[in-house]
Each structure stands twice: as structure tokens, then as C-alpha cells.
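**Student:** For reference, the sequence and a predicted model appear below.
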Amino acid sequence: MLTCEIPPTSGKIVFDGRVVIAGLAELRGNVKLDLFRRLDNIPGLNELVEHTLDLVNLSSRPDTPVSQLAYGEKRRLEIGLALATSPSLLLLDEPLAGMSPHERVETVKLSRRSGR
């Protein structure tokens with residue numbers, strides 16, 4: 001229902017007791033593309049990247065292409081990228097699907113460390 005795949009028949013979806021979430025697929029935010037801005041001129045970016053890599057246990061491999069990461073590492077990185085925006089709500093669709101037992105443990109640890 002959040003993505004309008006299934007139309008609601010009644011009721012409402014509420015987050016944090018006050019924010020109604022309806023038709024997220026129809027909402028579009030303003031997109032600002034800074035394609036020509038130098039990345040080293042963005043204050044705090046390096047610190048945010050380092051923090052995110054540490055959060056997803058990839059700080060020892062910052063230059064590894066995503067294509068060379070294991071499946072579980074890719075999934076943790078995806079979650080880390082979403083967490084880097086400091087969301088107040090993060091919805092995940094089957095975040096442990098296809099992971100090995102070890103990868104599942106690491107991903108659960110990630111979700112517990114990043115929870116508010």
C-alpha cells in the first residue's frame with residue numbers, strides 16, 4: 001500500500017503518531033544535481049563516508065568496486081547508503097533474503113547499531 005501496488009480500501013498509514021504516509025510512489029522531492037561540484041569541497045562528506053563504511057563493516061575496503069563485494073556486503077552497503085541520509089524511517093523489503101547465516105548475523109548487527 002505504501003508504494004500504491006495495492007490500493008487501500010480504508011484507513012490510513014501513520015508513522016510516529018503524527019505523519020501520514022500515503023502514496024509514496026507519487027511523491028517526488030526536489031532533486032539537486034551537483035554534477036560539476038568537486039567532492040572534496042563538500043564539508044563533512046569524507047567523514048560521512050568513513051562513518052558509513054565503518055557502520056557496514058567495509059572500512060578496510062573503501063576502494064573495492066561494488067561488483068567485487070559479496071552479496072551480503074552489497075546488501076549491507078545498500079542499507080548503509082540509505083542510513084547515510086539519516087532517515088527517520090527506513091522500510092526494507094526482505095533485507096535478509098538470499099544471505100548466508102553469517103551475512104544475516106552481520107546485517108542484523110547493522111540494524112541494531114543504527115537504530116534510534
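**Tutor:** Structure received. Keep in mind the model is a prediction, meaning the values are calculated, not measured. Residues are numbered from 1 along each chain as shown.

**Student:** lowest-confidence helix or strand of this protein?
**Tutor:** Across the helices and strands of the chain, mean confidence by mean pLDDT, DSSP states H and E is lowest for strand 19-20: a mean of 56.

**Student:** so after it, what's the next helix or strand?
**Tutor:** helix 45-55 (DSSP states H and E).

**Student:** what comes into contact with that following helix?
**Tutor:** Under the contact criterion Cβ atoms under 8 Å, 6 or more residues apart in numbering, helix 45-55 has outside partners 39, 40, 59, 62, 80, 81, 83, 84, 110, 113, 114. Heads up, the C-betas are built off the backbone N, CA and C, glycines and all.

**Student:** As CSV, could you dump the C-alpha coordinates of it?
**Tutor:** The C-alpha trace of helix 45-55 is given here as CSV (Å, rounded to 0.1, in the frame of the first residue of the first chain):
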residue,chain,number,x,y,z
LEU,A,45,31.4,14.3,3.1
ASN,A,46,34.6,12.3,3.9
GLU,A,47,33.6,11.9,7.5
LEU,A,48,30.1,10.7,6.5
VAL,A,49,31.6,8.2,4.0
GLU,A,50,34.1,6.9,6.6
HIS,A,51,31.3,6.6,9.2
THR,A,52,29.0,4.7,6.8
LEU,A,53,31.8,2.3,5.7
ASP,A,54,32.5,1.6,9.4
LEU,A,55,28.9,1.1,10.1
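
**Student:** How far away from the center of its chain is that helix?
**Tutor:** Relative to the mean C-alpha coordinate of its chain, helix 45-55 is positioned 13 Å out (Cα atoms, centre = their mean, to the nearest Å).

**Student:** ok so, going back, and the contacts of helix 45-55 as CSV, adding distance to residue 100 and neighbour count?
**Tutor:** Below are those laid out as CSV (distance: Cβ to Cβ, whole Å; neighbours: other Cβ atoms under 10 Å):
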residue, distance to residue 100, neighbour count
39, 34, 9
40, 37, 8
59, 21, 13
62, 23, 9
80, 19, 20
81, 21, 11
83, 22, 18
84, 25, 15
110, 15, 19
113, 20, 12
114, 21, 15
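
**Student:** All good on my end, thank you.
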